[in-house]
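Q: need coordinates for the below:
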Amino acid sequence: MPSKESKGRTRLLDLQVRPLVLFCILFVLIAVGWMYIRSINQDTEVLRAQVIQLRNERDLLSKQQNRLRNEVAILDTDDYIIAKARQLYGYMMPNELLFVIKNPEALYGDDAEKIEMYVLESLD
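A: Predicted structure coming up:
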């Protein structure tokens, strides 16, 4: 005659998983997996956007670097120094005229007739 202890063990082994319990377990596993995959997809999209932004910044910095390299290459030339002096300080060469426009918006708007300017002559 089997003992009570061995009867309890055989009952545990004989238990069957009910279909509803199995369905609930599968549903939870699928839901957790779906949420995890969705989270990964969202993170991937954020990273893609950051990659695009960084590529654009890299291209912009590359263009700026090329521009600065070109400027450094011509830095010691007389033409560059003259152009910068004219641009930054309004210097003029002998026998040149400098036109100073007081209202530059009139050049591009409807008030083209109302341009105010004066002329400076260089001193020899």
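Q: now do the strands in the chain.
A: Using DSSP state E, the strands found in the chain span residues 97-101, 117-121.
Q: the first one - contacts with which helices or strands?
A: For strand 97-101, the packing partners by 3 or more Cβ pairs under 8 Å, 6 or more residues apart in numbering; DSSP states H and E come out as strand 117-121. C-beta here means a position set from N, CA and C on the backbone, and glycine is covered the same way.
Q: pLDDT on the strand it packs on, on average?
A: Strand 117-121 carries an average pLDDT of 54.
Q: and for stretch 39-55?
A: Averaged across stretch 39-55, pLDDT comes to 95.
Q: kindly export that stretch (C-alpha atoms) in PDB.
A: In PDB, the C-alpha atoms belonging to stretch 39-55 read as follows (Å, rounded to 0.1, in the frame of the first residue of the first chain):
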ATOM      1  CA  SER A  39      10.700  49.600 -27.200                       C
ATOM      2  CA  ILE A  40      13.600  48.500 -29.300                       C
ATOM      3  CA  ASN A  41      12.000  49.900 -32.500                       C
ATOM      4  CA  GLN A  42      11.400  53.300 -30.800                       C
ATOM      5  CA  ASP A  43      15.000  53.400 -29.600                       C
ATOM      6  CA  THR A  44      16.100  52.600 -33.100                       C
ATOM      7  CA  GLU A  45      14.100  55.400 -34.600                       C
ATOM      8  CA  VAL A  46      15.600  57.900 -32.100                       C
ATOM      9  CA  LEU A  47      19.100  56.700 -33.000                       C
ATOM     10  CA  ARG A  48      18.300  57.000 -36.700                       C
ATOM     11  CA  ALA A  49      17.200  60.600 -36.200                       C
ATOM     12  CA  GLN A  50      20.300  61.400 -34.200                       C
ATOM     13  CA  VAL A  51      22.500  59.800 -37.000                       C
ATOM     14  CA  ILE A  52      20.800  62.000 -39.600                       C
ATOM     15  CA  GLN A  53      21.300  65.100 -37.400                       C
ATOM     16  CA  LEU A  54      25.000  64.200 -36.800                       C
ATOM     17  CA  ARG A  55      25.600  63.600 -40.500                       C
END
